[in-house]
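*Asks:* Sequence first, then the predicted structure, then my questions.
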Amino acid sequence: MTDLESLDLSYNQLSGEIPEELTNLTFLGNLNLSNNQLAGKIPESGQFSTFDNSSFEGNVGLCGQQLPKSPCGGSPHTPSVAHVNTSARHIDVVLFLFVGLGFGVGFAAAILIKWS
């Protein structure tokens with residue numbers, strides 16, 4: 001079973017923690033443990049770091065980096081989310097300024113070329 005590539009155990013009323021041994025499945029490309037009654041921390045090693053939150057959603061007791069809620073034993077990352085949003089807005093403004101500057105320089109160059 002070490003060469004298992006896909007594992008779908010969704011909607012099976014599974015409970016308890018996700019076994020750490022599942023991280024040994026190095027060929028696992030698809031995992032769906034959603035909508036069970038799993039609890040505890042999602043393993044972070046092996047392929048588990050590549051699975052998104054849809055693989056684990058619907059398990060109220062789960063926590064970990066893959067889920068949008070707060071990490072295990074921690075507080076929500078509201079400040080970092082706000083920081084990301086502020087950073088994204090800053091990048092948008094800079095991008096807008098560079099695009100505007102590019103159009104302005106291009107327009108001025110076109111006028112100079114036409115007059116020459």
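*Replies:* Noted; the coordinates are in hand.
*Asks:* which neighbours does the longest strand belonging to the chain have in its sheet, and in what orientation?
*Replies:* Using DSSP state E, we find that the single longest strand of the chain is strand 37-41. Partners of strand 37-41 in the sheet, by DSSP bridges, are strand 15-16 (parallel), strand 61-63 (parallel).
*Asks:* ok, and what's touching the shortest one?
*Replies:* Defining contact as CB atoms under 8 Å, 6 or more residues apart in numbering, one finds that strand 15-16 is touched by Asn36, Gln37, Leu38, Ala39, Gly40. For every residue, glycine as well, the C-beta is placed using N, CA and C.
*Asks:* hang on, the earlier thing: quick check: mean pLDDT across the longest strand of the chain?
*Replies:* For strand 37-41, the mean pLDDT works out to 92.
*Asks:* which residues touch it?
*Replies:* 13-18, 56, 59-64, 72.
*Asks:* Return a PyMOL selection command for the buried portion of those.
*Replies:* In PyMOL syntax, the buried subset of the contacts of strand 37-41 is picked out as below (16 or more other CB atoms under 10 Å):
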select buried, resi 18+56+59+62+63+64
